[in-house]
Structures are given as C-alpha cells and as structure tokens.
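Q: What would the 3D arrangement of this be:
(4 chains)
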Protein chains: 2
Amino acid sequence: MAGQTEIVLNAILTSIDRGELSPGEAIDENALIAQYEVSRTPLREALLRLEAMGLVTRPPRKGAVLFKPSFEEFLSILEVNAQLEGQAAGLAARRIGAEDGAALMQIVEACEVHARDKGDGDPNGYYALNLAFHKQVAEAAGNPFLLDMIKMNGRKLIAYYRARYRNPGAIAESAREHRQIAELILAHKVDEARALMTEHVLFDRVTVTDLLAALG
Amino acid sequence: MAGQTEIVLNAILTSIDRGELSPGEAIDENALIAQYEVSRTPLREALLRLEAMGLVTRPPRKGAVLFKPSFEEFLSILEVNAQLEGQAAGLAARRIGAEDGAALMQIVEACEVHARDKGDGDPNGYYALNLAFHKQVAEAAGNPFLLDMIKMNGRKLIAYYRARYRNPGAIAESAREHRQIAELILAHKVDEARALMTEHVLFDRVTVTDLLAALG
DNA sequence: GTTAAGCAAATCCTGCAGGGATTTCCAGCT
DNA sequence: AGCTGGAAATCCCTGCAGGATTTGCTTAAC
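A: Got it, this is the predicted structure:
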C-alpha cells in the first residue's frame, strides 16, 4: 500500500484539492523527485494516471501541466457535472435516512454560520464547507460510482469553483441555496431537489468567462 | 503517436469493444508481450491506464483481470449511465442539425431492417448498429466530454448490453425504441427524448440478475 | 502403509531504478 | 530562408530487490 507511485499521486491530488495547484500550472517533476525521493518511474506512472483521469495534460516535450479547460471544454464539463450533481440530489431525496439527513443539516448550518459571521471573508474556509455539503449529498445518494464521478469531475473545475466564492455575495447565496436544497432532499421532493441542485452548480456563460479570465 | 503503450492499449480496448474479452477474464501479460513484441514497461503502463479508467482490476499477485461488477456496482454504473445517455438524448433534441438528423434516421432504419430481416439472429451484428445509434445520439448532443464519459462507462457494461440482445424479442423492441427516440429528438422534444432514452438503457433488477448470472 | 501437516526453499510476480536510444525542437550558420 | 548540428526530453528496456505463494520434502499420526 505504501507504493511510491501512490505517494506521489496522493500528494498531487491533495495539492489539487487544497488549491495549491492552479490550472495550466506546470508540474515540476524534478522537484517532486527530490521531495519524495522517488525515481522517475513511479513519478511517470503517477502522471500517467493523472492524465488518464483527465486532470493533467502532457503536451509533447513540454512537461506535465495541470488540466486547464478551454471555454468549450469548461462548458462541456460543467454541463455534465451539473447533471450528475442533480442526479445525486434527486437520488438523495429518494434515499436519505436519518443519520445522513442530520449530518446534512449540520453542514448546512455551518455554511450559514460561516456566511453570517464572516461574510465574504475566508472564501477558502467556506469552500471546504461547500465541498462537505456536496460530498454529503453525493454520499446520501447511495451510489458510490456516482460519488466517484462527481469527485473526479469536480476536481477538473475545482479551482474555478473555489474562485467563484471570491465574488461578493456568493457565499451568502450559496448558503441560502444549500438550505433550500437540503430541505427539498429531506422532504423527499425528488424532482425539485434535482432541479435546484443542477441550477446551483451551473454557471452562466458570463460567469464562466469571468472565471476563465480570472485564472488566466 | 505510435507509442508502444498505445498500441497495446488500443489493442485491448478494441478487444473489449468487440466482445473478445469477457468480464472477470484474466489478461495474459506474457502473451501480449510476445504478440506485440513490447517490453514489460509499456504493457504495465497500458494496464495502469486501463485500471485508472476502471476497466481493469489488478488484484495483488493475481495478474490483471477485466473489470467484473458486483450486483451493486452494476446497478450503480447503470444508474449513472442511464442518466448520461438520457442527458445526451435531451441535448441532442435541443441541438441536432440536419446532417446528424439524417445520419441518425439512417441508423434507425438499418436497425429496423436488421430486426425485420434477421429477427433474433446475429445479435452481435445488431449490437454494432446499436452502438452506432447511441454514438450518433451522443455526438449530436454536441458535448465531447459527455461523449467520452458515455463511451467509458459503456465499456464497463458492454458485455452485458451485448448479452442482452440474445434474448428473444430484444432486438425488435430495441429497434422500435430507437425509432421512437429518434423521432422525439428530431421533433426537439427534449424532456420526452431524455426520459425515453433513460428508460431504454435501464434494466430492471431481474434483468440485471439474469445478465450477471449469464456471464457468470 | 498411507495420508496429512508443517516447514523450508525456490520460483514467480511486482515495483523501482537507471541507462540507452530515438525523436523533436531550437539555434546558429551558410 | 533553409539546413545542419546539438541539446534535451521522452519513451522503452532490462536488471535487481523484496515479498508472497506454491511446491516439495520430511515427519508424524492414524
């Protein structure tokens, strides 16, 4: 289990999740080799796996860079991701039980507290709560495969989702929508939960353009 | 482009697509090494990529075997896949143009001809048409990312979808539904196209049990 | 005498390292 | 502007080491 490949792989994945790597950023192979004291082979394998996941692109003779979507790619991924998140919310509305429901409401309240106490400050802190909310919904859907897909696709856009919360008012609106979605789920309103979640995750084209420009 | 890794990778992928490999079947590494005259590294990399795609599992010290879903995994993947196919049909109903529409109807008619002329015979021949139908719908959706996901997920269940057409009457019913879906798409009836496609792809639990048992 | 169990040894699998070769890109020169 | 030479990156190969599984032999018990 302590394979060299997985050490590097997990290191890169958590770097992505923490926002320490930005789209288009080059991955310094030699630095990673030195840092984790691994050879080129496991590093190469880790990068190949990341490429297979679509998180890394490897332009010929240019080294590995973090996946950075074009405008069309962004819209394509977003369209699918919104659908999957919506499906998760719909399934959660069918299947959620008492424990998952309680956990979900707890996260919703934490979101609200954060929005009330800190306003637009600490967007990264709020983003962690946001991730927890979506993860909890996906888990309540009771479909581990769906959970994986959402996690993988989410990683491709994570930097942009994160950047979104730097917009004034975005945190408060997100927290409001989280509560609405959670209440629909707990009320077992399948279609409404799905629709609202889809809308919640979707950006309009203008916002996409803004985000792409911001992370230039 | 003529990388050794990709040669092996594509060979395995087309073997899967052609139904020459069945779920749970072991992949003989040495045979592939001998067959394609490659070394262990490119083969290993090809298998790692297949594993990252979820098409291959590699139990410790057991070699590589083709992914074989448990009952729950099957249902999970199917649930997501049906959703994605439905989304593709819905998007196609929004976006389809003249050429894609003509191509789609041509495939639909080919399906009907096959069903009329050969009945329940030549299920593999019909399955190729079925693949073409779904591919055409996914392309008409105008979302290349969605197309990729459908293709990838479809591969995980391809052996089971293929086996389904060995049931008497399945081909005729499939051809009928293809026409209905195509007509809804051409009529731009988004929600109905999506709903019917989702239903078309879904199996009920009994069928799933049958298929899993059939492919032992 | 036969069978089963336990231990030891060997073989096979797998992951890692580092080197060699080929291809590509860039720069300098004609 | 085109060509040639060099440098660098990537891809592939093969050797090695660690570990697990299997096999075979021995011994003991029934």
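
Q: Quick one: the helices in chain A, in order.
A: In chain A, the segments counted as helices under DSSP state H are A:4-17, A:29-36, A:40-53, A:71-95, A:98-118, A:123-140, A:144-164, A:170-186, A:190-201, A:205-214.

Q: tell me which residues of the fourth one are tucked away?
A: In this case it means helix A:71-95. Neighbour counts over helix A:71-95 (16 or more other CB atoms under 10 Å in any protein chain shown) mark A:74-93 as buried. (Glycine included, C-beta is placed from N, CA and C.)

Q: likewise the shortest one?
A: Of the residues in helix A:29-36, those buried by neighbour count under the rule 16+ other CB under 10 Å are A:Glu29, A:Leu32.

Q: ok, now stretch A:56-74?
A: Of the residues in stretch A:56-74, those buried by neighbour count under the rule 16+ other CB under 10 Å are A:Val56, A:Ala64, A:Val65, A:Leu66, A:Phe67, A:Lys68, A:Pro69, A:Phe74.

Q: so what's whichever residue of chain A sits closest to DNA strand C up against?
A: Of chain A, the residue with the smallest distance to DNA strand C, taken as CB to the nearest atom of the strand, is A:Ser39 at 2.3 Å. With contact set as CB atoms under 8 Å, 6 or more residues apart in numbering or on different chains, A:Ser39 has these partners: A:Gln4, A:Ile33.

Q: could you dump the buried residues of stretch A:56-74 to TSV with pLDDT and distance to A:Pro144?
A: TSV is the format used below for these (pLDDT from 0 to 100; distance: CB to CB, whole Å):
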residue	pLDDT	distance to A:Pro144
A:Val56	92	24
A:Ala64	88	29
A:Val65	90	31
A:Leu66	92	26
A:Phe67	93	24
A:Lys68	92	29
A:Pro69	94	26
A:Phe74	95	27
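
Q: between those, which is closest to A:Gly216?
A: Ranked by distance to A:Gly216 (CB to CB), those are led by A:Lys68 at 9.7 Å.

Q: Provide a list of residues in contact with the closest one.
A: Residues in contact with A:Lys68, defined by CB under 8 Å, 6+ apart, are A:Pro23, A:Gly24, A:Thr57.

Q: one step back: for the helices of chain A, could you give me JSON lines that also reports distance to B:Met152?
A: Listed next are those as JSON lines, based on distance: least, CB to CB, whole Å:
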{"stretch": "helix A:4-17", "distance to B:Met152": "20"}
{"stretch": "helix A:29-36", "distance to B:Met152": "27"}
{"stretch": "helix A:40-53", "distance to B:Met152": "10"}
{"stretch": "helix A:71-95", "distance to B:Met152": "12"}
{"stretch": "helix A:98-118", "distance to B:Met152": "29"}
{"stretch": "helix A:123-140", "distance to B:Met152": "19"}
{"stretch": "helix A:144-164", "distance to B:Met152": "10"}
{"stretch": "helix A:170-186", "distance to B:Met152": "28"}
{"stretch": "helix A:190-201", "distance to B:Met152": "21"}
{"stretch": "helix A:205-214", "distance to B:Met152": "24"}
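
Q: Quick one: closest of the ones you listed to B:Phe133.
A: Across the helices of chain A, B:Phe133 has its closest neighbour in helix A:71-95 (20.5 Å, CB to CB).

Q: Might you report the residue contacts of A:Met197?
A: Remark: with contacts taken as CB under 8 Å, 6+ apart, A:Met197 is in contact with A:Glu85, A:Gly86, A:Ala88, A:Ala89, A:Gly90, A:Val137, A:Ile181.

Q: and if you look at A:Lys189?
A: A:Ala93.

Q: which phi and psi does it have?
A: phi -90, psi 90 (degrees, to the nearest 10).

Q: and the gap between it and A:Leu75?
A: The span separating A:Lys189 from A:Leu75 equals 28 Å under the rule CB to CB, to the nearest Å.

Q: contact partners of stretch A:101-108?
A: For stretch A:101-108, the external contacting residues (CB under 8 Å, 6+ apart) are A:96, A:129, A:132-133, A:136-137, A:140, A:175, A:178-179, A:182, A:185-186.

Q: And the spatially most central residue of chain A, what's its pLDDT?
A: Residue closest to the mean C-alpha point of chain A, counted by CA atoms, centre = their mean, is A:Gly154 at 3.5 Å. Residue-level confidence at A:Gly154 comes out at 93, pLDDT.

Q: what about A:Leu215, how many neighbours?
A: Around A:Leu215 sit 15 other residues, with neighbours defined as other CB atoms under 10 Å in any protein chain shown.

Q: Quick check, it in contact with A:Gly19.
A: No: when contacts are counted by CB atoms under 8 Å, A:Leu215 is not listed as touching A:Gly19 (10.9 Å).

Q: Common neighbours of the two, please.
A: When contacts are counted by CB under 8 Å, 6+ apart, A:Leu215 and A:Gly19 have A:Ala159 as shared neighbours.

Q: which parts of chain A sit against chain B?
A: For chain A, the residues found near chain B under the criterion CB under 8 Å from any CB of the partner chain are A:45, A:48-49, A:52-53, A:73, A:76-77, A:79-80, A:83-84, A:87, A:91, A:143-146, A:149.
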